[in-house]
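J.: How does the following fold in three dimensions:
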Amino acid sequence: QYVVTCPPEEPVIGEFPCRDYTGLIQVIGETNVGFHIKQLSLKTGEYTPIYELPFDRTPVFGSLNAVGINPVDRVAYGLMKLPGDAPSYLVRFDKGNFDKGNVAFLAQVPEHSAAGAVDDDGTFLWEKGRDLYAIKGIAEMEGFASPDDASDLSGIDPIVPGHPTGGVSDIAAVKADLGDGEGSYVMGITADRKLGIYRYDDPKGVWAVDLPARIAPRSGANIFDHEAPGIPGVPDGAFGAAWSHDGRLFFAANSGLGVYEVLIDTIDLDARTAEVRRVASSEATDWNDGMNCPDSPVCIPDTFGSVYGYVWVDWEASGDRTAIEDGIEEHISGVTVTVTLESTYLNSKGRPCEDFGQDSWSVQTLGNDSGDYRWQVDGLPAVDGAGNELLYKATFDYRGADFPDGFTPTGYTVRVSDGTVVASELDSDVIPKVAATPSQSADPMVRSLLLSNQNRRLLSTHQATGEDSTESRSEERRVGKECRSRW
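T.: Okay, here's the model as predicted:
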């Protein structure tokens, strides 16, 4: 009697539906539980669960890292380490049935790594120490239910050795022209704020680029520190998640200080410099890795602008704009200005983004001296993912305003059609509210918020003339009517 033992069938690993997720995806480990696949909410900065890969599946495992979705077969890949001193393997994985997860073991690798990515050609790349390794054609590799049946690639050599720093916590792959023609690169951020770069096609190369100590603000702030403008730059510490979307690179700080974009077209390999901007908030994470999703509809803005303006007392009741610096008529401090997005933000596929990031900013008229109380919001998204210009509304609240002695607000000055200036209880820039949300095709003020450098008439108030003071209140006005913008 003969007993024939057949190897188990290759696990069938399903595609990951990147098109259903507009946020950035991470795998995050939890001790004694497993790894959670989560999506970052760009609005709240919190991670929400998608599914879980528990440790107590068969076979049990100890860690999962260096993950990414392969653009060739749209399947998730990564390095899975078995418990204890057991080796690490390149695997495919998905949610599976009964929330236990399916895993197919492809090949044993030299060592486990936290930093990995899959490029557009389906090559799996990972950094260990100061060396970059690669396995090509992973979509065609045979997978096995048992790691014992996987191929042995534990003796492969790195494709690019000898990086000057190494030690990044995650990498993202991108094709870019950094001055020597288009090439294939992986990049990651070190704990001491350097951008580690490998070029792994011809000619190969390695660089360490300094990242800035201060960067342009992502969202609203009054910026009047002329000697050190901007906000603190890329923080120290691990960046355990990296993503590549439509030729853009994003990195999340494990400290919870946010998601940062390295602007690829600013990378100067000769000067060893690059520019960075903060694009989203993110909660603190540990034992984590970014899972790049190549087909995900991008909901992270890439065109930003600033809007600013002034409020002053119209003592003369003339309606004329006073001088910005030390004008005859005083500017008013303490007015709270809230700028809110009115347009529907569309993703790169032209569909509405329910979660693309901050959509409301509040600042006050402050200024750098008593003659110039300016309100300013920086880092406003100017264009959505589909290329449409965005419409905003500004709301002004005078309840905390610091009015000059002898002035009691009762209304506004309005210039009527014949040029006469008259008193009014209603702000002339108020547009009557309608039930429908303003659309870009219907509202002519879209361009004037961020994509115009033209000066706009600003609001003024007038002196009381024997009337009782009115209760301080908020007035709603369209930003393009009385604000200035720049980008």
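J.: Low-confidence ranges, the stretch 351-487 of the chain, go.
T.: 367-371, 412-419, 421-487 (pLDDT under 70).
J.: which secondary element of the protein has the worst mean pLDDT?
T.: Here the helix or strand of the chain ranked lowest by mean pLDDT, DSSP states H and E is helix 479-482, holding a mean of 26.
J.: surely Asp397 meets Thr338?
T.: Yes - using CB atoms under 8 Å, Asp397 is in contact with Thr338, at 7.4 Å. To be clear about C-beta, it is placed using only N, CA and C from the backbone, and glycine gets the same treatment.
J.: Tell me who's in contact with Ile267.
T.: Contact analysis of Ile267 by CB atoms under 8 Å, 6 or more residues apart in numbering lists 176, 178, 195, 197, 209, 273-274.
J.: Now the helix or strand hosting it - C-alpha only, CSV.
T.: According to DSSP states H and E, Ile267 maps onto strand 259-268. Extracted C-alpha coordinates of strand 259-268, given in CSV (Å, rounded to 0.1, in the frame of the first residue of the first chain):
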residue,chain,number,x,y,z
VAL,A,259,2.3,63.7,7.5
TYR,A,260,4.9,65.5,5.4
GLU,A,261,5.3,65.6,1.7
VAL,A,262,8.8,65.8,0.2
LEU,A,263,8.5,68.0,-2.9
ILE,A,264,10.3,65.9,-5.5
ASP,A,265,11.0,68.7,-7.9
THR,A,266,12.9,70.6,-5.2
ILE,A,267,15.4,67.8,-4.4
ASP,A,268,18.9,69.1,-5.2
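J.: Given that strand, what are its sheet partners and their directions?
T.: strand 248-252 (antiparallel), strand 273-280 (antiparallel) (DSSP bridges).
J.: so where do the helices sit in the stretch 301-450 of the chain?
T.: Listed in chain order, the helices of the stretch 301-450 of the chain (DSSP state H, counting those that start in this stretch) span 446-450.
J.: Identify each buried residue in stretch 165-180, please.
T.: Residues of stretch 165-180 classed as buried: 165-174, 176, 178 (neighbour count, 16 or more other CB atoms under 10 Å).
J.: That should have said stretch 191-204, apologies.
T.: Neighbour-count burial for stretch 191-204 flags 193-200 (criterion: 16+ other CB under 10 Å).
J.: closest to Glu325 among those residues?
T.: The closest of the buried residues of stretch 191-204 to Glu325 turns out to be Arg193 (CB to CB; 37.6 Å).
J.: who's in contact with the closest one?
T.: 210-211, 233-236.
J.: Looking at those, which two lie furthest apart in space?
T.: Every pair of the contacts of Arg193 checked by CB to CB; the farthest is Asp210 and Pro235, at 14.4 Å.
J.: Which residue, neighbours along the chain excluded, lies closest to the residue most central in space within the chain?
T.: Nearest to the mean C-alpha position of the chain, by CA atoms, centre = their mean, lies Val279 at 3.0 Å. With CB to CB, 6 or more residues apart in numbering as the criterion, Val279 has its nearest non-adjacent residue at 4.9 Å, and that residue is Glu261.
J.: same thing with Tyr200?
T.: Nearest non-adjacent residue to Tyr200 (CB to CB, 6+ apart): Val160, at 5.2 Å.
J.: helix/strand/coil for Ala139?
T.: Secondary structure assignment for Ala139 (DSSP: H, G, I helix; E, B strand; the rest coil): helix.
J.: mind checking how far it is from Arg278?
T.: 35 Å (CB to CB, to the nearest Å).
J.: Look at these two and report which has more neighbours.
T.: When neighbours are counted by other CB atoms under 10 Å, Ala139 and Arg278 differ, and Arg278 comes out ahead with 22 against 15.
J.: partners of that one in the sheet?
T.: Going by DSSP bridges, Arg278 forms beta bridges with Tyr260.
J.: cool, and Val103?
T.: Bridge pairing for Val103 - DSSP bridges - gives Phe93.
J.: Mind exporting the C-alpha coordinates of stretch 24-38 to CSV?
T.: What follows is stretch 24-38, C-alpha atoms only, in CSV (Å, rounded to 0.1, in the frame of the first residue of the first chain):
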residue,chain,number,x,y,z
LEU,A,24,-3.2,56.6,3.6
ILE,A,25,-3.0,53.0,4.8
GLN,A,26,-0.8,51.6,7.5
VAL,A,27,-0.3,48.2,9.2
ILE,A,28,0.0,48.7,12.9
GLY,A,29,1.0,46.0,15.3
GLU,A,30,-0.6,45.3,18.7
THR,A,31,1.2,43.1,21.2
ASN,A,32,-0.4,39.7,21.7
VAL,A,33,-3.1,40.5,19.2
GLY,A,34,-1.8,40.9,15.6
PHE,A,35,-1.5,43.6,12.9
HIS,A,36,-4.3,46.0,12.1
ILE,A,37,-4.7,47.3,8.6
LYS,A,38,-5.9,50.9,9.1
